[in-house]
Every structure is written in C-alpha cells, then in structure tokens.
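Asker: heads up, no residue letters with this:
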C-alpha cells in the first residue's frame, strides 16, 4: 500500500503538505490539493490503513426509491447496514446525481470524502461513473450491473437467467407454449440481462423467441399501446414482464381489452414489490430477497477490502405463485379493438 511519504516523494513536497491536502486544509492551494488527490489515487493510497476513526462506506443511490419501508432500495440498504455497522463500519447513504458524476472523478471523490468503498444502487449504462469503474482503484460493489477485468469491482444481484427460467418453466407446467416478453429499454444492465435470458431459455426449449413475441421500450405506455397488442394478436397466452409495475399496468390494459387475468391471459412480474399482494388479481412474480442482497453486498465489499478480487455474487431467485397465472385457455380470446388507454 502507498503511504503519505510515497505521495510526497512522487510530488516533491513534504509529508505535511500531502496530509493537509488530503484533509482539505485552507492553506493548501486548490491546484496542490488536486495534484495530491490524483497522485494518491494513482498510487493506490488508502486512508483505511492510517485513520484510527471508524472506516466509512458510501451507498450511492440513483433512479431508485429507498426512503420508505415499501421502497425497493430500503430493504437492501437495511440489510447492508445490519451487516456492516456491527463490524465497525460507518455507512452513509448518498443520493447520486448526473451532475455530481460530471463534477467529480469517482476515485477522487472517494478519496476527498474519506470513503474506503461503496455500493451503487440504480446505476444505468449511461451514467458517467460507470465508465470510470473500468479502471477505478476504490473497492466498489454494483447492484445489477457488471464491469469486466477490474478486480476492484464486484457485481451482486439475483441470477436473472434462473429468474426467467423459473417463470418460463412454471408457465409451461400450466400448458403455455406461446409466451411473450415485455420489458424496459435495454440501457439498464438488468433489463438487458432479462431480455437476453428470455431469448436464450425460450430458444433452448424450442419455443418462439423473436420480435413477434417480444417488445421493449423506455416508456410503459409504449410497451402497452404498441407491443402488448401485437403479442396478443400473435397468440401469446402468457406474458413475462421485466418488472412488477409494467406487469401491473399490463393486467389493467388486458382488462380494458376484455381479457380476463388469468382465464384468458397469464401475467408474471419481476422483483415482487409489496404492491403485488394487493393487485387484482394478486400478481405472480420473481422475488428478490432484498435484505439478503444488502448483506451479500457487504460480504462482497469485505472480500474486496481483504484482497479477495470477487467478480460476481448472485443469489437464487424465488418464484412466488399468486393468482395472475392459470392454465392455458382452450380457445385463446382475441382482444377487442380500442384506441386509447385511460390508465396512462
């Protein structure tokens, strides 16, 4: 591990100057502070080895609700804290913005704020810091994202191939063979994985897996008004959705088209948010154990901090069977024509 002396020697300044710069002392110029931070990052310096205070971990959250108990990110954060805080770590949750990612380089931000590692929730493929993770030196855990060839980055999540396989096998056990897929735009790693997994599993089973039974869009209303009618016209008797809110909206849409769920069409969601128990009918879906995800994120970070370059850490998903799926109808119902969708 690099030391303060190493940084000072590289820059040709005193150890005291380096220490002041890393702590943001006002008598050190901004230019010098920048040079010290950049050199510290370059040499792989970590304050963890020299700071007697409790080590600090950041949880960055973007594009995900997390403040209330019913929010998706809430249980993940609680699970992480329950594992990290008894081990002596201070955990701080930070709302992440696009502007923040543009204003600071990731490693430099972590160095300035004295964080030894981080968990990221809700990152998409377009976020600026995601590119920096390819070469970052800070131990980093990504939920539902993947970075190759950087031993400092570990991705955690639920096995999405297994999730899709569970859903398809369950629908097949009910007699369905014409199964459709509706999903979000593929700019998020998790939705890309689920889309690819659907094509892979369906193809391996000898079932149709092309554009006639698949659709995705950034907007829910586009999925429903453009893609869902096409899937129904092409004879799909069951539909797997990339997330629960899309599945919930699809059930409303089918009802407006005169189709009953599950008598005429079966629908499966993903993630098993609390709403799923109260939809009409209650929504079948793939559950992610969110507290366990939080704990596994801390265990993955612990591996990183102890020199174990863990690549990927996946949990098994669970199929939760409720009332939105039923046997394949003997005579598939055709949807009635319609021009608008009042729920959007």
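Answerer: Received the coordinates, thanks. Just so it is clear, the structure is predicted and the values come from calculations on it, not from any experiment.

Asker: So, low pLDDT: which residues of the stretch 101-250 of the chain?
Answerer: For the stretch 101-250 of the chain, no stretch has pLDDT under 70.

Asker: Now do the strands in the stretch 101-250 of the chain.
Answerer: For the stretch 101-250 of the chain, applying DSSP state E, counting those that start in this stretch gives strands covering 115-121, 140-143, 153-158, 179-184, 214-217, 238-241.

Asker: same for the fourth one, what does it pack against?
Answerer: If I follow you right, that is strand 179-184. Taking 3 or more C-beta pairs under 8 Å, 6 or more residues apart in numbering; DSSP states H and E as contact, the helices and strands that strand 179-184 lies on are helix 160-173, helix 189-204, strand 214-217, helix 228-233, strand 238-241, helix 244-256. From N, CA and C alone the C-beta is placed, and that goes for glycine too.

Asker: likewise the third one?
Answerer: Using 3+ C-beta pairs under 8 Å, 6+ apart as the contact criterion, the secondary-structure elements in contact with strand 153-158 are strand 140-143, helix 290-305, strand 312-315.

Asker: Which positions in the last one come out as buried?
Answerer: Right, the one you point to is strand 312-315. Across strand 312-315, burial judged by 16 or more other C-beta atoms under 10 Å covers 313, 315.

Asker: Helix or strand next in line after it, which one?
Answerer: strand 318-320 (DSSP states H and E).

Asker: State the mean pLDDT of that following strand.
Answerer: The pLDDT scores in strand 318-320 average 97.

Asker: So which residues make contact with it?
Answerer: Applying C-beta atoms under 8 Å, 6 or more residues apart in numbering, the external contacts of strand 318-320 come out as 166-167, 170, 272, 276, 284-287, 289.

Asker: Among the helices and strands packed on strand 153-158, show me which one is buried the most.
Answerer: Using mean count of other C-beta atoms under 10 Å, the stretch among these with the largest mean neighbour count is strand 140-143, at a mean of 26.

Asker: Just send the helices and strands packed on strand 179-184 back as a markdown table, with distance to residue 308 too.
Answerer: Formatted as a markdown table, these follow (distance: least, C-beta to C-beta, whole Å):
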| stretch | distance to residue 308 |
| --- | --- |
| helix 160-173 | 24 |
| helix 189-204 | 23 |
| strand 214-217 | 36 |
| helix 228-233 | 45 |
| strand 238-241 | 36 |
| helix 244-256 | 34 |
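
Asker: what about the ones you listed, which gets the closest to residue 297?
Answerer: Of all these, helix 189-204 sits nearest to residue 297, with 14.9 Å by C-beta to C-beta.

Asker: which one of the strands of the stretch 101-250 of the chain is the most hemmed in?
Answerer: strand 238-241 (a mean of 28).
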